[in-house]
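> give me coordinates for this.
(one chain, ligands or ions: 1)
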Amino acid sequence: MSYRLLHFADLHLERAFSQVGCRGAVAKRRRHGLRMALRAIGNAAGEHSCNAVTIGGDLFEHERATLETAQFLAQTFASWQPIEVFIAPGNHDPVDPSSIYLHQDWPSNVHIFLEETLTPVALEDGLTLWGLGHPGPRWFGSPFERHAEGSGLHVALFHGAEQSSVPEGKSMHGPFHAPQIIDSGFVAALCGHYHGRTINTEFRLVYPGSPEPLTFDEAGEKGPVLVEIEPSGAVHYTPLSSNQWNVLSVVADVGDALNTTALLERVVEDARRSLGSRDPESTSIRVDVVGSVDSAITVTTADIEQFVRDSTDIAAVLIRNRLSTAVDLASLRTELTARGTFVRSITQQLDAASNEQDRRILEDALTYGLHALAGNEIPLR
Ligand SMILES: [Mn+2]
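This is a model prediction of the structure:
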């Protein structure tokens, strides 16, 4: 009979979510959503008749996790019995002396790998699970320092960074190379760390990806991966999609907007189009507002955020203001206003500027001065 398990990683319970435009009540809803995702994983494990749930690290964020978090985890895992739970701590939930892993009474179906070298646990006759835990937030040890020993089939569970597929900007904790999995005697490596999903059947490597999207780079379907291990050593992987939240990234070009209202309406139109039939109440959207608009258009990032939220009901809206100001200097110079005087003064100095540095400072002064005279928010560079 094959052994079935449900594998997930990188849930990041207690995450702040400020980077995805979530504040206050919305951030709390997102944190609650992570707990519900864990509950849903337990239900899915039951529906698929799994023997175990494996967790490849970053179950929670150590700095924000409290004994209340631990209590929730212990109660949830206890409700999954007789399904067994195997946890391999990662860089965000390391085996630190102050970790909740060491300060909670866990139910008898929970096994936490506390050693930084792969350590075996017998799952059933002929099948052994090997796991490790990161000893701290910056562990650069090699997961395959120890190879599988003994007869039967061996599966590895750990948080680590596969070197040929490092996502941009991702840290190198627990580095390894995919061919090491088979070379070290394992029929599968159930991993965590990369938040996108990877199922590499050739090298027998699985990154399930975070069950719910945590950043704007994590769009699309997400969830745990069902893993079936046959006595022959064949391994089958079935990705499930169960995410309740969506992240969207949009670029709104408002270059043709001639007034503030037209600009706001254009951003809303683009946000609505990208939302499609998704539930706005469980969506986070990032809009890059680009284009060159007249300096008479006065709109702040906060104005756009508020307008999009009110018009679409999207739960979290993050606006990145990439607007530039279109100026017709020739006509501005003829104006008999404070603005005309300012433009005449700066352009005369620009004509007389003798080096590149002075020119750049004067161009900045012109841009920021025109923004200030129009009553605009001065965009930071
Ligand atoms: Mn992670």
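> tell me the SS of the residue in the stretch 251-381 of the chain that the ion sits nearest to?
At 17.8 Å from the ion, Ser284 is the closest residue in the stretch 251-381 of the chain, using Cβ to the ion. No exception for glycine: its C-beta is placed from N, CA and C like everyone else's. Classification of Ser284 using DSSP: H, G, I helix; E, B strand; the rest coil returns strand.
> so where do the helices sit in the stretch 201-350 of the chain?
260-275, 301-312, 329-332, 338-352 (DSSP state H, counting those that start in this stretch).
> out of the ones you listed, flag the one nearest Arg23.
The closest of those to Arg23 is helix 301-312. By Cβ to Cβ, the value is 10.5 Å.
> and the closest one, what does it pack against?
helix 260-275, strand 283-294, strand 316-326 (3 or more Cβ pairs under 8 Å, 6 or more residues apart in numbering; DSSP states H and E).
> hang on, the earlier thing: which of the helices of the stretch 201-350 of the chain comes out lowest on mean pLDDT?
Per-segment mean pLDDT for the helices of the stretch 201-350 of the chain reaches its minimum on helix 329-332, at a mean of 85.
> can you list the residues that contact that helix?
Residues from elsewhere that reach helix 329-332, judged by Cβ atoms under 8 Å, 6 or more residues apart in numbering: Arg339, Gly340, Val343, Thr347.
> neighbour count added to those, as TSV?
As requested, the contacts of helix 329-332 are exported to TSV (neighbours: other Cβ atoms under 10 Å):
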residue	neighbour count
Arg339	16
Gly340	14
Val343	23
Thr347	16
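> quick one: residues contacting the residue lying closest to Gln349 once chain neighbours are set aside.
Excluding the flanking residues, the one nearest Gln349 by Cβ to Cβ, 6 or more residues apart in numbering is Leu362, at 5.5 Å. Residues near Leu362 by Cβ under 8 Å, 6+ apart: Ile346, Gln349, Leu350, Ala353.
> Leu362: which element?
helix 356-373 (DSSP states H and E).
> and that helix, average pLDDT?
Mean predicted lDDT for helix 356-373 stands at 87.
> buried sites along it?
Leu362, Leu366, Thr367, Gly369, Leu370, His371 (16 or more other Cβ atoms under 10 Å).
> likewise stretch 95-104?
Within stretch 95-104, the residues that count as buried by 16+ other Cβ under 10 Å are Val95, Ser99, Ile100, Tyr101, Gln104.
> make a markdown table from these and add pLDDT, distance to the ion and secondary structure to it.
Formatted as a markdown table, the buried residues of stretch 95-104 follow (pLDDT from 0 to 100; distance: Cβ to the ion, whole Å; DSSP: H, G, I helix; E, B strand; the rest coil):
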| residue | pLDDT | distance to the ion | secondary structure |
| --- | --- | --- | --- |
| Val95 | 98 | 16 | coil |
| Ser99 | 97 | 16 | coil |
| Ile100 | 97 | 17 | helix |
| Tyr101 | 98 | 16 | helix |
| Gln104 | 97 | 21 | coil |
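> of the helices and strands packed on helix 301-312, flag the one that's most buried.
Across the helices and strands packed on helix 301-312, averaging neighbours per residue (mean count of other Cβ atoms under 10 Å) puts strand 283-294 on top, at a mean of 20.
> quick revisit: just flag the most distant two among the contacts of helix 329-332.
Among these, Arg339 and Thr347 lie farthest apart (Cβ to Cβ), at 12.3 Å.
> need the overlap of contacts for the two.
Common neighbours of Arg339 and Thr347 (Cβ under 8 Å, 6+ apart) do not exist.
> contacting residues for His240?
Wrong residue type there; residue 240 is Leu, not His. Leu240 neighbours (Cβ under 8 Å, 6+ apart): Leu6, Ala44, Gly223, Pro224, Val225, Leu226.
> return the closest of the residues you listed with respect to Ser324.
Gly223 (41.0 Å).
> please give me every residue in contact with the closest one.
Phe8, Ala44, Pro208, Pro211, Pro239, Leu240, Ser241, Ser242, Asn243.
> thanks a lot, catch you later.
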